[in-house]
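Peer 1: Dropping the sequence and predicted coords here.
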Amino acid sequence: MIIHKKLFITLIMILSVILSACNQITKVANPLPDEVIPREVRPTLPPPRLFVEDNLSDKETQPASSLPITALSIRETTLEDDQGAIIVAITPVTMDRLGDTLYFEVSMDTHTIDLSMDLSQFASLITDGGKTVQPLEWEAPRGGHHVSGTLSFPASVDGTPLLIKAKTLTLILRDVDVPLRTFTWPITGN
C-alpha cells in the first residue's frame, strides 16, 4: 500500500511538471493574453472586379484599350429566370480587366424544348445610360435539354467603353420560350 501511495505521488508530480512545462510553452508561443488576440480574423478583400477609370477628360476620343484600369466592378453573381419551360441562369465572367470583350456564362435547362438555338440571335446588352451592343458569339453545344455556353459582347461602343458612367448592366433575351427575360447587375465604382 505504501508503494502504491509513493507511485501515485510520483505520477502526480510528473504530471504537474509536464503540465507546468506545457503552460510555459503556451506562454512563449502566445505571449498576449487571450482577450487581446482576436477570435476571428477576416481578410480585407479588394473590390471583386476592375474596369476603367472615370476621371479622364476626353474619353470619347480615346480608344478603350488606352484607358487605365481602376475600381469599376460587376460582381460575378448568377441571376436566374425560370419563366416558361426553360430555366436560364447567367453569370458575368472575366470582368476583372479592361478588354475587347465581355463574357457571360449561360446555362439553360428544360425537359420539353430542344435547345439547339443560337442564343446570340436573341440577346442584347444594355446599360442604364442607353448604350446597347449585340453579341459577338454564342459558344455552346447545339441541341439537348441542358446546354451551357459562353455569350460574348463587345466591351465598347464607338470606341467608348460600354461601362463608363453606367450604374447597371442588363442582358436581355427575347423570345427564348417567353417574350422577354432580363438579367440586371449593379456596377460599382462609377
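Peer 2: Noted; the coordinates are in hand.

Peer 1: how about the strands of this structure, start to end?
Peer 2: If DSSP state E is used as the criterion, the strands of the chain fall at 51-52, 69-70, 73-74, 79-81, 86-93, 101-110, 123-127, 132-133, 137-139, 146-154, 156-157, 160-161, 168-174, 180-188.

Peer 1: mind listing what the spatially closest residue to Met117 that is not a sequence neighbour touches?
Peer 2: If you skip the residues right next to it in sequence, Met117 has Val176 as its closest partner in space, 7.2 Å away by CB to CB, 6 or more residues apart in numbering. The way it works is simple: take the backbone N, C-alpha and C, and place the C-beta from them, glycine included. Taking CB atoms under 8 Å, 6 or more residues apart in numbering as the definition of contact, the neighbours of Val176 are 86, 88, 108, 117, 119, 122.

Peer 1: do the same with Thr112
Peer 2: For Thr112, the residues meeting the contact criterion (CB under 8 Å, 6+ apart) are 85, 145.

Peer 1: Go again with 6 Å.
Peer 2: Contacts here follow CB atoms under 6 Å, 6 or more residues apart in numbering; on that basis Thr112 touches Ala85.

Peer 1: Same check on the one 10 residues further on?
Peer 2: Listed by CB under 6 Å, 6+ apart, the contact partners of Phe122 are 173-176.

Peer 1: Tell me how far it lies from Ile187.
Peer 2: With distances taken as CB to CB, to the nearest Å, Phe122 is found 23 Å from Ile187.

Peer 1: same thing with His146?
Peer 2: Counting by CB to CB, the separation of His146 from Ile187 is 31 Å.
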